[in-house]
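> Model the following, please.
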Amino acid sequence: NITVGNISAAGGDLTIRNITGVAATFTGVLTYEDVTNVDSVGIVTARGGLEVGAAGVGGTVSALGHVEFVGVTTIGLGLTLTDNIKAKFGNSGDLSIYHDGSNSYIANDTGVLNIQGGGANIQLQAVDGESGVIVKADDAVELYFNGSKKLTTVTTGINPSADSTDDLGTSAI
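Purely as a prediction, here's the structure:
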């Protein structure tokens with residue numbers, strides 16, 4: 001056994017109680033058993049999970065790969081989910097958005113699904129950009145067929161075509 005100040009070595013193990021103001025380079029695997037802070041450049045592998053930030057702020061990654069962040073999370077280069085993986089919203093995941101490989105879905109399991117334009121128009125389009133439905137902010141709703149407007153709501157009812165001047169009142173419907 002060798003003991004020098006706070007450093008002791010016994011049976012091939014080296015125990016160091018305190019290191020202050022020292023830079024060190026390690027090769028291979030360095031194992032920390034009771035460490036509260038690690039400042040690392042490079043890859044860190046954590047067996048029991050990982051906590052980023054102060055307690056209650058930041059995020060955690062569990063040993064099973066579950067990730068939880070508290071606060072606003074910004075993803076700068078985009079987010080990609082594979083087929084059939086749902087992005088869920090709400091405390092119970094009541095709203096989900098997903099793609100099954102062929103079709104895409106917005107599913108709402110409770111209440112009403114509201115799509116709001118926030119003062120702007122809402123437009124549903126075909127993949128080629130052709131209009132299907134336009135909901136104008138505080139104004140008309142327009143329905144299209146094959147890119148051609150077929151029906152517009154007006155103050156007195158509906159207008160069956162864009163070039164028609166005859167409105168159908170609610171009594172005619």
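
> What is the burial count for the closest residue in space to residue 110 that isn't next to it in sequence?
The shortest distance from residue 110 to any non-neighbouring residue, by CB to CB, 6 or more residues apart in numbering, is to residue 94 (4.6 Å). Where you see a C-beta, it was placed from the backbone N, CA and C, and this is true even at glycine. Residue 94 has 13 neighbouring residues, counting by other CB atoms under 10 Å.

> looking at it, residue 94 is touching residue 113, isn't it?
No: Residue 94 is beyond contact range of residue 113, at 10.0 Å (criterion: CB atoms under 8 Å).

> so where's this protein uncertain?
Residues of the chain meeting the criterion pLDDT under 70: 1-36, 47, 54-56, 162-173.

> what's the top strand by length along it packed up against?
Criterion DSSP state E: the longest strand present in the chain is strand 148-154. Where contact means 3 or more CB pairs under 8 Å, 6 or more residues apart in numbering; DSSP states H and E, strand 148-154 is packed against strand 141-145, strand 157-159.

> Residue 117 contacts residue 137, correct?
Yes: with contact defined as CB under 8 Å, residue 117 reaches residue 137; the gap is 5.7 Å.

> sorry, back to before: which parts of the longest strand of the chain are buried?
In terms of neighbour count (16 or more other CB atoms under 10 Å), strand 148-154 has its buried residues at 151-153.

> Please work out the angle formed by the directions of that strand and strand 141-145.
Using axes from the mean of the first three to the mean of the last three CA atoms, to 10 degrees, the direction of strand 148-154 lies 160 degrees away from that of strand 141-145.

> what's around the residue lying closest to residue 100 once chain neighbours are set aside, how many residues?
Leaving aside its sequence neighbours, residue 100 sits nearest to residue 84 (CB to CB, 6+ apart; 5.5 Å). Close neighbours of residue 84, defined as other CB under 10 Å, add up to 9.

> I'd say residue 84 and residue 96 touch.
No: under the criterion of CB under 8 Å, residue 84 is not in contact with residue 96, lying 11.0 Å apart.
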